[in-house]
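Visitor: Below: sequence and its predicted model.
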Amino acid sequence: MIHRSKQYLIDDLSMQESWRLFKIMSEIVDGFETLSEIGPAVSMFGSARVKPDNPLYLKTEQVSKELSKAGFSVITGGGPGLMEAGNKGAFENGGESIGLHIHLPMEQHNNPYMNIRSDFRYFFIRKLMFIKYAMAYVALPGGYGTLDELAEALVLIQTHRIKPFPIVLFGTEFWTGLIDWFKDQMVGNGYCNPEDLDLFIITDDVNEVVSHIKKHVIL
């Protein structure tokens, strides 16, 4: 027999889990409704800590502008740093600039260069939206969040859970060491196949980013 106080605790926890489930469902529905009518989009990821006077910020802005000119909407995390640069390039070109804002205790304030915005509490739902509505990824230098979003796309493509799409790692100096580790450790030890390294390209060339995506995506 369960003691009455313990039963109350179990019931309370069950109620909390039920409400959490409803919140998750509501967040998914809101995201689908907000993003369902956007145009062909490219998701761009990168550090929130890069300042506007940093050359990488300006290069990211240029990438986004050229993607917008090519007819793509641009999706970022909606925050500062390289996310802001990504939104800014599309926004100032008159294109569709989308921010998927996450509630965090630090770093994540909104940038002013969005004409579509969706808010999230749960990272996994936000990642779902990045994947679902993107026709390509551009991964810029960043931290754990950038690596998380990149790894999510790579594993889903590798395991055939989603259709393959272009993934561009922008910034050879930043990414080369990681890719060398992929080759030496993951492929070298048989944890990945050599062809898994063909799921992405690395470049510093803005035009190559756009041309690679256009080569694989039909607008």
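Guide: Here it is on my side, so go on. Residues are numbered from 1 along each chain as shown.
Visitor: From now on I want contacts and neighbour counts done on CA atoms only, so please keep to that.
Guide: Will do.
Visitor: can you map out the helices along the chain?
Guide: Using DSSP state H, the helices of the chain run over 4-35, 55-69, 82-92, 123-132, 144-158, 172-181, 206-216.
Visitor: now the angle between helix 55-69 and the last one, please.
Guide: The directions of helix 206-216 and helix 55-69 differ by 40 degrees, with axes from the mean of the first three to the mean of the last three CA atoms, to 10 degrees as the criterion.
Visitor: centre of the chain versus stretch 161-172, how much separation?
Guide: From the chain centre to the centre of stretch 161-172 is a distance of 11 Å (CA atoms, centre = their mean, to the nearest Å).
Visitor: Next, the buried residues of it.
Guide: 164-172 (16 or more other CA atoms under 10 Å).
Visitor: Sketch out the low-pLDDT regions of this protein for me.
Guide: Applying pLDDT under 70 to the chain flags the ranges 1-15, 105-108.
Visitor: one more time with 50
Guide: By pLDDT under 50, the low-scoring segments of the chain are 1-2.
Visitor: Can you give the domain ranges for it?
Guide: Segmentation of the chain into domains, based on automatic domain parsing, reads 1-33, 41-216.
Visitor: Just name the most buried of the ones you listed.
Guide: Comparing the domains of the chain by mean neighbour count (mean count of other CA atoms under 10 Å), domain 41-216 comes out on top with a mean of 19.
Visitor: Quick check: end-to-end length of that domain?
Guide: Domain 41-216 has its terminal residues 13 Å apart, counting by CA to CA, to the nearest Å.
Visitor: quick one: the nearest residue to Pro141 once chain neighbours are set aside from Leu140, how far?
Guide: Sequence neighbours aside, Gly46 is the residue nearest to Pro141 in space, at 5.4 Å (criterion: CA to CA, 6 or more residues apart in numbering). Counting by CA to CA, the separation of Gly46 from Leu140 is 5 Å.
Visitor: overlap in contacts of those two?
Guide: For the pair Gly46 and Leu140, residues contacting each of them under the criterion CA atoms under 8 Å, 6 or more residues apart in numbering are 82, 146.
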